[in-house]
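Asker: Sharing a sequence plus its predicted fold:
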Amino acid sequence: MAKRYLTSALMPPVGACRFGCGSSCAAPVTVFWLFGVVSVIYGFLGGPTAEPGISWYTVGLGVVMWGVAALWAILSIQGSAADRCDSSWRGHDRDMAGRDAESDPFDEVKKAL
């Protein structure tokens, strides 16, 4: 369990793909994480104002974006675990079972001909 959260904190896209909902949230988590990584690196190089030292505002923004990506990945892991454990949350299966019980709409057309 700790491995899931540690992976999601350090590399959120990997955590979202491997342990979470996968395709539905991996892309946005990756965008936020890449924005954070690039901002941290760019901040150490001087940032957008080309400061002679480190642009701490840019580094801080990168850390915040990395945190948002990590939080998103962790929440998606918790949500997917709850969906798997809760057997009553199978909306698709329930909808398909209801469709099998319905009559065929083309029966009326066949009766008319």
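Answerer: Ah, there it is. Numbering: from 1, shown residues only.
Asker: Model confidence score at Lys111, please.
Answerer: pLDDT for Lys111: 80.
Asker: Leu61 too?
Answerer: Looking at Leu61, its pLDDT stands at 92.
Asker: Tell me which other helices or strands the longest helix seen in the chain touches.
Answerer: The residue-count maximum for a helix in the chain (DSSP state H) belongs to helix 56-85. Counting contacts by 3 or more CB pairs under 8 Å, 6 or more residues apart in numbering; DSSP states H and E, helix 56-85 is packed against helix 2-10, helix 12-19, helix 26-44. The way it works is simple: take the backbone N, C-alpha and C, and place the C-beta from them, glycine included.
Asker: Helix 12-19 and that helix, what's the angle between them?
Answerer: Going by axes from the mean of the first three to the mean of the last three CA atoms, to 10 degrees, helix 56-85 is angled at 10 degrees with respect to helix 12-19.
Asker: Which positions in helix 56-85 come out as buried?
Answerer: 58-59, 61-62, 65-66, 68-70, 72-74, 76-77, 80 (16 or more other CB atoms under 10 Å).
Asker: And these, which is closest to Trp33?
Answerer: Nearest to Trp33 among these is Ala69, at 3.9 Å by CB to CB.
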